[in-house]
Structure formats: structure tokens, C-alpha cells
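K.L.:
the sequence and its predicted three-dimensional model are supplied below.
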Amino acid sequence: MAERALRGTRLGSTSYENDRNTDLAPRQEVAFDCPKGHHFTVPFAAEAELPPTWECRVCGAVAFAATGESPTPKKVKPPRSHWDMLLERRTVADLEAVLAERLEVIRGRRGAPAASDTGRRQRKSA
Ligand SMILES: [Zn+2]
């Protein structure tokens, strides 16, 4: 029965569902003000975390939510570098050991005919 109902329906064609007897998810309209004077609203789910900015629908500039409060900059953690993360896992002594190990491998490889198992292109040294 469902198949018969779908006959002749293309992908992307109009949905036959309607809003009748359907409870729409609770939503809220958030107004945004563009620095160039455009105003627009964007619907969000009621429980959505509201973004402080939105791309202006007219000109594409960064518009700010017209909540009356200026967007509070979130506490930004200083970005962790790879080095920081590495130090969380390994001590410098560990790293020295790993480095020494790798250097051994590399030195051993240099003596040997070009290793093809690394998949890396060898840098040409000047
Ligand atoms: Zn605008």
C-alpha cells in the first residue's frame, strides 16, 4: 500500500505530509543585527545553544544576536600545541629515549640502500 502511494513520486518532490495534527518541536526565533543595518531572525530549537553571531542573510557580514547583551567571549583555553599534548603523555626523559631509538633507526637506514617501506620521499639535501 505504501509502495502504491509512492508511485510517480520523484526524489525531491513535494512532501505530502502536512502539519495538521503535528506538534512542531518547540522553537525560538532569535533576532540578529547586521552591522550594515540588516535585521533578520533565525529559528532555533528551544533547547539549542544559541550562537552569539550569525552570517547576515542579506550581505553575509557577521551579525550579532540582538539579545541586548554583547556576545560574551567564551573563556578561551590557550590552544594546546602538539608539544603540550606530548608532554602530557611522556616525560622528557621518555622522549629522549624515543628520539635516540629513532635516530638509531634512521642512521641504520641511511647506510642501507634506499628503504622503500617508509612511503616517504627522501628529501634532497643540498
Ligand atoms: Zn547585512
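P.N.:
Looks like it came in fine.
K.L.:
switch to C-alpha atoms for all contacts and neighbour counts from now on
P.N.:
Noted.
K.L.:
of all residues in this protein, which one is closest to the ion?
P.N.:
Residue of the chain nearest the ion, by C-alpha to the ion: Cys59 (4.1 Å).
K.L.:
am I right that that residue sits in a helix?
P.N.:
No: per DSSP: H, G, I helix; E, B strand; the rest coil, Cys59 lies outside any helix segment and is coil.
K.L.:
give me the domain ranges for the chain.
P.N.:
27-67, 82-111 (automatic domain parsing).
K.L.:
tell me the helix or strand right after the helix or strand of the chain with the lowest mean pLDDT.
P.N.:
Taking mean pLDDT, DSSP states H and E as the measure, helix 2-6 is the helix or strand of the chain with the lowest mean score, a mean of 54. Heading C-terminal from helix 2-6, the first helix or strand you meet, by DSSP states H and E, is strand 27-33.
K.L.:
which other helices and strands contact that next one?
P.N.:
If you count contacts as 3 or more C-alpha pairs under 8 Å, 6 or more residues apart in numbering; DSSP states H and E, strand 27-33 packs onto strand 39-45, strand 62-65.
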